[in-house]
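**Q** Curious how this folds, go ahead:
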Amino acid sequence: MGSTMGLGALLAAIADRHPARIALVDQASKPAWCGRPAIAWTYAAAREIVARLAEGLQQWRLPPRSPIGLCMAGMAEAHLAFLAIEQAGHVPCPLPVTWDEDRLLQAVEAAQVLAILTQGVLGAERPAETICRVAMRYFPLRFVAAFGPHVPDGVISLDQVVLDHRGDAAALGTGPAAGLVTFALPGVSPARPGPQPEPEGTPVPVRREAEALTAAAAGCLVPLRVEPGERILSLLPPSDLKGLATGLAAALLAGATLECHPVFDAGALSAALDQPVPTHLVAPAWMEAGFSRTTVPGRLRTLAYVHRAPCRLSTRLPGRSGVVDIVAFDEVALLCGRRDAQDVGLVLAAPERAALGTDRGGLIQLRRDPDGRLSFRGPACTAVMLRRGITGDENPDGWMASRFQASLFAGVATAVSAMP
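**A** Model prediction:
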């Protein structure tokens, strides 16, 4: 535990070899929805800012491996803050910025979060003010910090932290990473096309080591086939396993550029896709019908559709070259495959396919239990549930049971549904 290298080590390694390569790119329309400039960060510049933020966090004198919440939209500052928390020796706990005050409070209490990094403005919302109200209801939350503008009184300005600290960029990634915590929602959302509402229920913290996140990202990169210097353009928030593994972790593992579009803007997305750089788009699965009527697929190396179980797979367009499906089973596992090879519908129908091929490196194994329940095992899905900060050993045999089953027709999975 705690002996593995994290994402900061990947950032530092690329910064040493390719300092001028672009690491993070902001959505062009960013100033309109958060009042901050849109910046393209090189790997060298990103390493410098992470080191400055990390030194500032270390001044808070929190116990080592403290849980620190990160409640931000998917802009460059969120990724830099995630890496800074890791570098400071603490545990990043991404919190969806769309959650309301009550749900945020539930998550903070469940993971026993001691500090939260956030932002002042997100459209008409004021996340930093929401976090202040959470802090008033949860006494152990000792520090609230935010990127401006509109940082409330009593909240630490992260922009000022960057200015006030130099940091040691050379030390980035040299220490052990403390892993991360994401949150599963046990309620069931309807399996229908279109944006899905958040499931009901109390957030359950899920703890995984840094190497498990890296393994999950590697599993996604097998079908995505991202090359160094290419671009991952993500429409997913970096607040859970599927967003992190297909975004920040995948980009750093591949030595690629990550560009996030947390606010959907058709004009900004089209302009971004017109740029002459090989691009892999990661999008929610419900957008497939819309994209199929546009020229978007033809402008991409890969188009990855991310499904959140429960979900239908029968509405997909079969056999599409360059299209990847990623099915997220809560915070347990991600199952990935190209439609023209190793399709997820075939793997779910015949679980032994998940372990085939040396290119998968044994990252994930899948089985269907006698009652139909899908269970997962392997480095890419090694995680534990936390109960009031205590690790629960719920999979002593190495298998992580999900709450889902596959519906089969003619040897292909047509849907993933919740167990009754």
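**Q** can you pull the contacts of H150?
**A** If a contact means C-beta atoms under 8 Å, 6 or more residues apart in numbering, then H150 has G35, G120, V121, R126, A128 as its contacts. (Glycine included, C-beta is placed from N, CA and C.)
**Q** what secondary structure does P223 sit in?
**A** Under the three-state scheme (DSSP: H, G, I helix; E, B strand; the rest coil), P223 adopts helix.
**Q** Now the spatially closest residue to A328 that is not a sequence neighbour: which helix or strand?
**A** Closest residue in space to A328, ignoring its immediate chain neighbours: K242 at 4.2 Å, by C-beta to C-beta, 6 or more residues apart in numbering. Secondary-structure assignment from DSSP states H and E places K242 in helix 241-246.
**Q** Okay, helices next: where are they in the protein?
**A** 7-17, 30-34, 43-58, 76-87, 101-111, 127-137, 158-164, 210-224, 241-246, 248-254, 266-273, 288-291, 344-349 (DSSP state H).
**Q** and T382, which of these is closest to it?
**A** Proximity to T382, assessed across the helices of the chain by C-beta to C-beta, is greatest for helix 210-224 (4.5 Å).
**Q** Against which helices or strands is the closest one packed?
**A** Helix 210-224 is packed against helix 7-17, helix 241-246, helix 248-254, strand 302-308, strand 323-329, strand 333-338, with contacts defined by 3 or more C-beta pairs under 8 Å, 6 or more residues apart in numbering; DSSP states H and E.
**Q** Export the ones you listed as TSV, with columns for mean neighbour count and mean pLDDT.
**A** As requested, the helices and strands packed on helix 210-224 are exported to TSV (neighbours: other C-beta atoms under 10 Å; pLDDT from 0 to 100):
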stretch	mean neighbour count	mean pLDDT
helix 7-17	22	97
helix 241-246	27	98
helix 248-254	26	98
strand 302-308	23	97
strand 323-329	25	96
strand 333-338	24	94
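**Q** which residues does Q119 contact?
**A** By C-beta under 8 Å, 6+ apart, the contact set of Q119 is C34, R36, C71, M72, A73, M75, E77, V97, P127, A128, A146, F147.
**Q** dump the residue contacts of the last one.
**A** Right, F147. R36, M72, E77, T118, Q119, G120, S157, L158, D159 are the contacts of F147 under C-beta under 8 Å, 6+ apart.
**Q** what's across from L70 in the sheet?
**A** L70 has these beta-bridge partners by DSSP bridges: P94, L117.
**Q** about what we covered before: could you redo the helices of the chain as TSV and give each row distance to L281?
**A** As requested, these are exported to TSV (distance: least, C-beta to C-beta, whole Å):
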stretch	distance to L281
helix 7-17	22
helix 30-34	18
helix 43-58	22
helix 76-87	18
helix 101-111	29
helix 127-137	27
helix 158-164	30
helix 210-224	10
helix 241-246	10
helix 248-254	13
helix 266-273	8
helix 288-291	8
helix 344-349	18
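**Q** mind checking which of the ones you listed is nearest L363?
**A** Judging those by C-beta to C-beta, what sits closest to L363 is helix 210-224, at 4.5 Å.
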